[in-house]
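Asker: here are the coordinates; sequence isn't available:
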């Protein structure tokens, strides 16, 4: 957007914990130069026992940071700030404040948030349709699907985004638990509602996926227009919200009324 951005982020902690030390170094070196020990290690130079121990300690610190939302946002925001300051030929603080984070607890919350983010340019009248909206994942997914033989196959989807793995089943591969074509249709029909301002109307084509998620049609229209401002830190079904707050030791449950209303 013109003065902010949204990111729907998935942290695969189980994968990161399984990385070898060499894989952690490779991942870290994609972002930073590392240190003298990691550079020597990658060149194949032999390290002493003390040097290997010191490097192992660095690697575990890097592994932790590669799974950390705050570090992800720090790196992303710093790059944007540097580029913007260079374009404006100025220095100083670029971002107004710290990022806001909301945890998506289930499939319904996930798909509602994704649609809300993908339709941001349409809602702001910066684009007329999802496939022409700049800097959105839906545009990338649609363009890839147009040339794919089987667009719903995870291997034929865009590699830089988490794939749609299809409807939930016993042998479920890693990915978003929906069919890509269903999501594209959902966003397209929702975009028509947003653009035409018909808040009391929803296309029948949206019914199957919304029925499976137990989201009422009128609630969906509200969610894709007000998702970010409606909820607190956690978003999902009420029982999921209770479980999370209990595990974190919360005395009060934030946002329960909204979750009960929109994610029954």
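Answerer: Received the coordinates, thanks. None of these values were measured; they are calculated from a predicted model.
Asker: going forward, measure contacts between C-alpha atoms and count neighbours the same way
Answerer: OK.
Asker: please enumerate the strands of this structure.
Answerer: 103-104, 234-235 (DSSP state E).
Asker: what's in contact with the first one?
Answerer: Meaning strand 103-104. Under the contact criterion CA atoms under 8 Å, 6 or more residues apart in numbering, strand 103-104 has outside partners 110, 233-236.
Asker: try it again with 6 Å
Answerer: 110, 234-235 (CA atoms under 6 Å, 6 or more residues apart in numbering).
Asker: I'd like the average pLDDT over it.
Answerer: Per-residue pLDDT over strand 103-104 has a mean of 94.
Asker: repeat for stretch 237-251
Answerer: 93.
Asker: try stretch 256-264
Answerer: Rounded mean pLDDT across stretch 256-264 is 89.
Asker: can you list the weak-confidence ranges in the stretch 51-200 of the chain?
Answerer: 195-200 (pLDDT under 70).
Asker: quick one: the helices in it, in order.
Answerer: Using DSSP state H, counting those that start in this stretch, the helices found in the stretch 51-200 of the chain span residues 69-88, 107-118, 120-123, 137-147, 180-196.
Asker: would you mind giving those as CSV with distance to residue 249 and mean neighbour count added?
Answerer: Below are those laid out as CSV (distance: least, CA to CA, whole Å; neighbours: other CA atoms under 10 Å):
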stretch, distance to residue 249, mean neighbour count
helix 69-88, 21, 13
helix 107-118, 22, 21
helix 120-123, 35, 21
helix 137-147, 35, 17
helix 180-196, 35, 19
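Asker: how about those helices in CSV, adding distance to residue 40?
Answerer: Converted to CSV, those look like this (distance: least, CA to CA, whole Å):
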stretch, distance to residue 40
helix 69-88, 24
helix 107-118, 42
helix 120-123, 46
helix 137-147, 38
helix 180-196, 44
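Asker: who wins for proximity to residue 216 among the ones you listed?
Answerer: Nearest to residue 216, of all those, is helix 107-118, at 11.3 Å by CA to CA.
Asker: no further questions, thank you.
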